[in-house]
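Participant: Need a 3D model of the following:
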Amino acid sequence: MMEKEEIFSKVLRAGRRTYFFDVRATKADDYYLTITESKKFTNDDGSYHYKKHKIYIYKEDFTEFKEILAEMTDFIIREKGDEVISERHQKDFKKDYEKPAVESTIDTPKSTESFTDIDFDDI
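Facilitator: Numbering: from 1, shown residues only. Below is the predicted model of the structure:
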């Protein structure tokens, strides 16, 4: 299906992702919005390709869509703040399962004062 030309467009470039916001016209000449996410992938040989995902939002859904989008984005900012915390944005980021549970103390012996006497007969 051939889509009509955009009536009004905006582009948001965000790293490997680009978001396209396009106002288009229906056959009846009413307007709707398309949001396209285009993500660049690099192949092993250095060539690249894009994967695109598109959603269509029609006027009858605008009010609820905006309300839910605002609610979701507000929730994220309220719960996690607006600082980006991710492996991609922080080179020293470690996932919880990547962090060592206990630091090694092989070279630095600790005092035995904090140890409890254990009688293995009690086990």
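Participant: Can you show me the helices along this protein?
Facilitator: Using DSSP state H, the helices of the chain run over residues 62-80.
Participant: Low-confidence stretches in it?
Facilitator: For the chain, the stretches with pLDDT under 70 are 1-5, 87-123.
Participant: hmm, try it at 80
Facilitator: Regions of the chain meeting the criterion pLDDT under 80 cover residues 1-6, 85-123.
Participant: and residue 8, what does it touch?
Facilitator: 22, 23 (CB atoms under 8 Å, 6 or more residues apart in numbering). Quick note: C-beta positions are derived from backbone N, CA and C, even for glycine.
Participant: The one 4 residues further on too?
Facilitator: Listed by CB under 8 Å, 6+ apart, the contact set of residue 12 reads 18, 19, 21.
Participant: And the buried ones among those residues, selectable in PyMOL?
Facilitator: Provided next is the PyMOL selection string for whichever of the contacts of residue 12 are buried by 16 or more other CB atoms under 10 Å:
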select buried, resi 18
